[in-house]
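S.K.: here is a sequence with its predicted model. Questions after.
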Amino acid sequence: MIAKHRAEMDAAYRLDIDARRTALELLQNPFLTYFANLDTPALIIQTGIGDFPTAIFIDRHIEAMNSWVKVLVNTDVVQDNGVDTDFTFYFLWSNNTDQPAVIVNAATSLVFNGTCRVFAAGDTGLFSDDSDYADVMGQLTVWRWRGWIDPITGQNFDQTQVVLPGTPSGSVVGLKATGGGLFGNEGIDPKNQPQEFNNQALDLNAGPLAVPPGAEVLFEVAMTLQYGFTAGGGDISDLISVDFANDELGYLVRCPGVLHEVSGPVPPNA
């Protein structure tokens with residue numbers, strides 16, 4: 001399967017390198033710089049790997065500088081392979097000029113308000129204590145969306161991901177529990193104790209990227225949630241709780257937008 005797509009993968013890699021080289025070459029010349037603030041996502045959806053629970057997606061809201069999702073997990077039983085699902089904000093930007101432009105740096109944040117905790121039942125057997133986990137992460141993914149034609153081969157690279165330097169991903173919390181004690185807490189590393197988030201920001205960024213005239217770039221800002229049982233489940237002392245949905249406490253996950261610095265050549269008559 002990999003061999004079948006090797007030529008396509010190599011071409012995409014070459015395009016990434018060429019785009020980075022073009023960006024650096026453009027920035028060596030006189031240029032104009034401005035900031036473009038994408039403060040309103042075009043779409044917010046949930047996606048996942050395999051079967052994922054849509055019932056945990058409680059609500060969503062789109063508003064300039066104040067778009068958010070509400071997510072709630074409260075379970076003692078999870079499907080065999082666990083859950084791996086994303087809640088994604090999509091932002092679209094277009095180079096509406098007749099000159100190539102450089103996205104020097106695209107920056108965004110996910111802001112978390114809520115709680116996460118895991119417990120696991122013990123005393124179910126010498127080697128059979130329950131165990132579970134919950135991980136919350138964030139990721140910025142950049143896509144060539146429209147208008148991306150390789151000038152050498154004529155190949156169309158629309159709707160392909162571009163890999164850029166920066167800090168495009170990060171972890172918010174990773175919790176694990178193994179059975180033991182009255183509530184399954186015995187032996188848990190202190191760093192994996194239940195955690196609360198009060199406007200905790202995860203900052204992400206990527207760049208530079210040279211964008212052809214008229215081309216569009218799609219930014220995906222995703223909260224990734226993974227959780228499940230590696231053993232057991234279904235006991236009264238088992239619990240995976242991820243609460244970013246409590247209205248009374250203002251729990252949610254907010255994405256204020258994508259701010260990117262854009263540079264382009266100075267016009268000859270400037």
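M.R.: Great, that's in hand. Since we're looking at a predicted model, the values are computed, not measured. Residues are numbered from 1 along each chain as shown.
S.K.: you'd agree residue 138 is up against residue 169?
M.R.: Yes. Counting by CB atoms under 8 Å, residue 138 touches residue 169, with 6.7 Å between them. C-betas here are computed from N, CA, C, even on glycine.
S.K.: in terms of neighbours, single out the busier of the two.
M.R.: residue 138 (24 against 15; other CB atoms under 10 Å).
S.K.: could you pull up the residues touching that one?
M.R.: Applying CB atoms under 8 Å, 6 or more residues apart in numbering to residue 138 gives the contacts 110, 169-170, 172, 202, 204, 221-224.
S.K.: quick one on the thing from earlier: shared neighbours of residue 138 and residue 169, which are they?
M.R.: With CB under 8 Å, 6+ apart as the test, residue 138 and residue 169 both reach residue 204.
S.K.: in TSV: the contacts of residue 138, plus secondary structure, pLDDT and distance to residue 118.
M.R.: Listed next are the contacts of residue 138 as TSV, based on DSSP: H, G, I helix; E, B strand; the rest coil; pLDDT from 0 to 100; distance: CB to CB, whole Å:
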residue	secondary structure	pLDDT	distance to residue 118
110	strand	98	21
169	strand	97	22
170	strand	98	20
172	strand	97	14
202	strand	98	20
204	strand	98	25
221	strand	98	26
222	strand	98	22
223	strand	98	18
224	strand	98	17
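S.K.: go through those residues and say which is closest to residue 88.
M.R.: Residue 88 lies nearest to residue 222 out of the contacts of residue 138, by CB to CB, at 4.2 Å.
S.K.: need the contact list for that closest one.
M.R.: By CB under 8 Å, 6+ apart, the contact list for residue 222 reads 86-89, 138-141.
S.K.: now, of the contacts of residue 138, which are buried?
M.R.: 110, 172, 202, 204, 221-224 (16 or more other CB atoms under 10 Å).
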